[in-house]
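Visitor: Could you work out the structure for the sequence below:
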Amino acid sequence: MVETSGLFCPRCGRETGQEGLCQACFLEKYVVFEVPQVIEATVCAKCPSYKIGERWVSTKLKTYEELARKAAYEAARLSLKINKDVSEPKVSIKMELVNPNILMARVIVEGSIEGRPVKTGADVEVRIRKETCDVCSRMAGGYYEAIIQIRAHGRLPTKSEVQKCLKIVDEVMARAEKAGDRLAFVSDVFELPEGTDVYVGSTAAARQIARAIVDEMGGAVIESPKLVGAKDGKGLYRVTFSVRLPGIVPGDIVKMHGSLVLVEKVGRRTSGIDLASGHSTSIKDEEPEKVASVSEGKPTVLVSEEADTVQVLDPDTYAPITLRKPAFLSRKPGEEVQVIKTRDGVFLLPGGGRGEE
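Guide: Now for the predicted structure:
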């Protein structure tokens, strides 16, 4: 005689071994999740971005297959509708590439309903659709929100200064893009007789760049917005950031703290060597007066050296001149040195002959 549990499914009459519906009838009563059999995922045809709803998301993925898998996974995940009665649902999605434009997603959801464990799965076909994302479209059209004008006060920016500024542009752009600013791109760079203009897709990124240049290289920024239209009742502006680099550069000789100083670094703080004492000095947030340039230095001969003084020949008249011995002096009597003649007198320059500064 076969023993039975005496417990049967009230719906189909099948023996269950427990009270209530059997597992099959239970799952028919409760749909664990719903998902379309076919869905679409959109990727950019030019860059590693994919679309979620109406929003484009940038990635660092290196291959099309990686991008397609990522887009398909997100599309499958977002298309799921899990029954609100499922407690602590766990979702598993595994992707299989069928061809470059179609992936199959195996979706499995498990959890519990009314204390009973449930686990169901479904296969979803994900079709990859290619579009050009908003950023690539704007880049192709030369879109920009801001212009960074690289100029210098009372002179033209040097090539090395422009290159340094463009390096700062690249560094700030990389950080802004990593932080999620999808408009952090350079749409164009123009070299002009008076300086260089950089056209930037993002006003926020351009503002960060202008401030970073001034922090690193000194100078000032003037921000000038211009109304170019309106959208949804709000004004649309293009902003020009005029970056004015300092009038002085490394190698200039300036008046600082009442002394003549050979400039070594320019930024928020201008620093250099006091030509009289030979010691380092600096000044913050102030552009000192330029007196001369190290390129104007002239070679002469160090005649003699005492404890605190030296004697050199005037490079023009060859008359002996006694000077204070600066800390940087390493030459010996009889050797060539470099001097600069100014309204404040004659001063030794660091190094020896011309070109050794």
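
Visitor: all contacts plus neighbour counts: C-alpha atoms, from now on.
Guide: Fine.

Visitor: Please identify the buried residues of the lengthiest helix in the chain?
Guide: Of all segments of type helix in the chain, defined using DSSP state H, the longest is helix 159-178. Neighbour counts over helix 159-178 (16 or more other CA atoms under 10 Å) mark 161-162, 165-166, 168-169, 172-173, 176 as buried.

Visitor: which residues touch that helix?
Guide: With contact meaning CA atoms under 8 Å, 6 or more residues apart in numbering, helix 159-178 is reached by 150, 183-185, 196, 205, 208-209, 212-213.

Visitor: and if we set it to 6 Å?
Guide: Counting by CA atoms under 6 Å, 6 or more residues apart in numbering, helix 159-178 makes contact with 184, 209, all of which sit outside it.

Visitor: Check stretch 85-95 too.
Guide: Residues contacting stretch 85-95 (CA under 6 Å, 6+ apart): 104-113.

Visitor: at 8 Å instead, please
Guide: For stretch 85-95, contacts defined as CA under 8 Å, 6+ apart pick out 32, 69, 72-73, 76-77, 103-114.

Visitor: Remind me what the helix or strand harbouring Thr322 packs against, helices and strands.
Guide: Applying DSSP states H and E as the criterion places Thr322 in strand 320-324. With contacts defined as 3 or more CA pairs under 8 Å, 6 or more residues apart in numbering; DSSP states H and E, the secondary structure elements packing on strand 320-324 are strand 309-313.

Visitor: quick one: strands adjacent to the strand it packs on?
Guide: The sheet places strand 309-313 alongside strand 298-305 (antiparallel), strand 320-324 (antiparallel), with pairing taken from DSSP bridges.

Visitor: From Leu302, how far off is the residue lying closest to Thr322 once chain neighbours are set aside?
Guide: By the measure of CA to CA, 6 or more residues apart in numbering, the closest residue to Thr322 outside its immediate chain neighbours is Gln311, 4.4 Å from it. If you measure Gln311 against Leu302 using CA to CA, to the nearest Å, the figure is 6 Å.

Visitor: These two - which one has more neighbours?
Guide: Set Gln311 next to Leu302 and count neighbours by other CA atoms under 10 Å: Leu302 wins out with 21 against 18.

Visitor: Tell me the pLDDT of the more buried one.
Guide: Note for Leu302: predicted pLDDT of 94.

Visitor: That one contacts Glu336, doesn't it?
Guide: Yes. Counting by CA atoms under 8 Å, Leu302 sits close enough to Glu336 to count as a contact (6.2 Å).

Visitor: which of the contacts of stretch 85-95 are buried?
Guide: Burial of the contacts of stretch 85-95 was assessed by neighbour count (16+ other CA under 10 Å); the buried members are 32, 69, 72-73, 76-77, 103-113.
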